[in-house]
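>>> no sequence for this one, just the structure:
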């Protein structure tokens, strides 16, 4: 891999076999006559593609990027490939998309019974072929 391709680092620290994580993405409910249709929408499992590295305590340098009041919360960091080796793009974890009024993706640490919400994305696709997601603890069960 080239010097500007950090996927090998993510692969070296791939935690998919050691941790029991579930990635979730919000799907908006269907709307009928201006009202949400019961039983539609909600969080659904997300396959992000490629290896990923999970850091159970986000380093301070990443927490400092979060807004004041949020950076004190328990946080995790997820590094992932932005594209497969054949160039196929992966589906990066996303924070809130205001243009579509969606909700942020969730990371569910099944071993610890905790949910984390993606607060900030680090899109390093063009310079390193990886993405990062800084996630903070959600109180209770968001589902």
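Sure thing, it's come through. Fair warning: this is a prediction, and the values are worked out from it, not measured in the lab.
>>> where does the residue sitting furthest away from the middle of the chain land on pLDDT?
Farthest-out residue of the chain from its mean C-alpha position, per Cα atoms, centre = their mean: residue 33, at 33.1 Å. The confidence metric pLDDT takes the value 85 at residue 33.
>>> any idea how far it is from residue 89?
Distance of residue 33 to residue 89, computed by Cβ to Cβ, to the nearest Å: 37 Å. Yep, even glycine has a C-beta here, placed from its N, CA and C like the rest.
>>> pLDDT weak spots in the chain?
Confidence mapping of the chain against pLDDT under 70 gives the ranges 1-3, 6, 10, 59-61, 98-101.
>>> Run through the helices of it in chain order.
7-12, 60-63, 125-128 (DSSP state H).
>>> Residue 115: neighbouring residues, count only.
21 (other Cβ atoms under 10 Å).
>>> likewise the one 5 residues further on?
A count of nearby residues for residue 120, using other Cβ under 10 Å, gives 18.
>>> longest strand of this protein?
strand 114-124 (DSSP state E).
>>> Name the residues of that strand that are buried.
114, 115, 116, 117, 118, 119, 120, 121, 122 (16 or more other Cβ atoms under 10 Å).
>>> tell me which residues of stretch 49-57 are tucked away?
For stretch 49-57, by 16+ other Cβ under 10 Å, it's 49, 50, 51, 52, 53, 54, 55.
>>> what's the span of it from first residue to last?
23 Å (Cα to Cα, to the nearest Å).
>>> Relative to residue 48, how far out is the spatially most central residue of the chain?
Against the mean C-alpha coordinate of the chain, by Cα atoms, centre = their mean, the closest residue is residue 93 at 3.3 Å. Separation of residue 93 from residue 48 (Cβ to Cβ) stands at 6 Å.
>>> Kind regards, and thank you for your time.
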